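1. A predicted structure for the sequence below; I have some questions about it.
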Amino acid sequence: MNKDYTIGIDIGSTSAKTVVMDDAGILWQDVRPTGWSSTMAAEKIQNDLALAGLPVGNGRVVATGYGRVSVPFADRTITEITCHARGAAWLYEGDPLLVIDIGGQDTKIIRVAGGQARDFLMNDKCSAGTGRFLEIMAGTLGMDPASLCELARQGSSARISSMCTVFAESEVVSLVGRGEAKENIAFAILDSITDKVRTQAGRFTDGDEAVCLTGGLCECPNLVESLSAKLKRPLAVRPEARFAGAIGAALSARRPPAA
């Protein structure tokens, strides 16, 4: 087994992503729910790596994300801003870039130049405009997030005015009580998310750099189309983009070339 590899682990609030890389690219990747304990998630990742023939003892490990301090076998920990910037630059092969990362509990807007984060903005403590918001609203409708995103294509007109998750959920319940069509409520939920992200990204949309999306919601085509239309700019997406943080961590684990 090749021992010249690095391991990036991105433990977010809802999912833990792992990427193993060598000089040729990605050797192995995996995503699992974080669960209630980041430490337990890290232990399971360590076991999975061993089963895949990629033990942590054979490669340098960098951890990032919400639970990065809970990875005892990591050689280093690095902030998610740094790792998402570097991972997105590698994935999209663009420079400069504007990275929109819609995570489980927060949304980050990162301006990248020279492969590094030059400026960034994170949302406030409210989960509106995040993956968690989508999960809560989908649960209110008795759906999973993917099904809600797809159903939203068939809807229109309905609106959710509140930017607070708690009050927005109350609005959804009220819409259900009034007999609003389910597809229209789904549309309103997705529209609320993209409105929030558009407002947040507005500070950084004055440049001409390419705009790309990372995070789990990049797998929702309807959200990508809606956000692109609201930003009035094409939004680049890739299937591996949810692993951007872990990719950036794995790249950061590489040893610098010898002098």
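-> Perfect, I can see it now.

2. low-confidence ranges, the chain, go.
-> Applying pLDDT under 70 to the chain picks out residues 1-3, 124-129, 163, 205-206, 256-259.

3. centre-most residue in it?
-> Gly215 (1.8 Å; Cα atoms, centre = their mean).

4. touching, that residue and Val99? I think so.
-> No. In this structure Gly215 lies outside contact range of Val99 using Cβ atoms under 8 Å: 9.6 Å. Where you see a C-beta, it was placed from the backbone N, CA and C, and this is true even at glycine.

5. list residues touching both of these two?
-> Ala244 (Cβ atoms under 8 Å, 6 or more residues apart in numbering).

6. phi and psi next, for the residue nearest to the centre of the chain.
-> Here is the backbone geometry of Gly215 (degrees, to the nearest 10): phi 100, psi 170.

7. let's have the chain start at 617 instead
-> Sounds good: first residue 617 from here, last item Gly831.

8. could you find the closest non-adjacent residue to it?
-> Leaving aside its chain neighbours, Gly831 sits nearest to Ile718 (4.2 Å; criterion: Cβ to Cβ, 6 or more residues apart in numbering).

9. contacting residues around that neighbour?
-> 745-747, 809, 813, 829-834.

10. can we see that at 7 Å?
-> 746-747, 813, 831, 833 (Cβ atoms under 7 Å, 6 or more residues apart in numbering).

11. first-to-last residue distance for stretch 746-765?
-> 13 Å (Cα to Cα, to the nearest Å).

12. doesn't Ile716 make contact with Ala817?
-> Yes. Between Ala817 and Ile716 there is a contact at 5.9 Å, judged by Cβ atoms under 7 Å.

13. neighbour-wise, which of the two wins?
-> Ile716 (25 against 19; other Cβ atoms under 10 Å).

14. could you measure from the more buried one over to Lys798?
-> 28 Å (Cβ to Cβ, to the nearest Å).

15. in the longest helix seen in the chain, which residues are buried?
-> The longest helix of the chain (DSSP state H) is helix 798-817. By neighbour count with 16 or more other Cβ atoms under 10 Å, helix 798-817 contains the buried residues 798-814, 816-817.

16. and that helix, what does it pack onto?
-> strand 713-718, strand 723-729, helix 747-756, helix 761-767, helix 781-793, helix 837-847 (3 or more Cβ pairs under 7 Å, 6 or more residues apart in numbering; DSSP states H and E).
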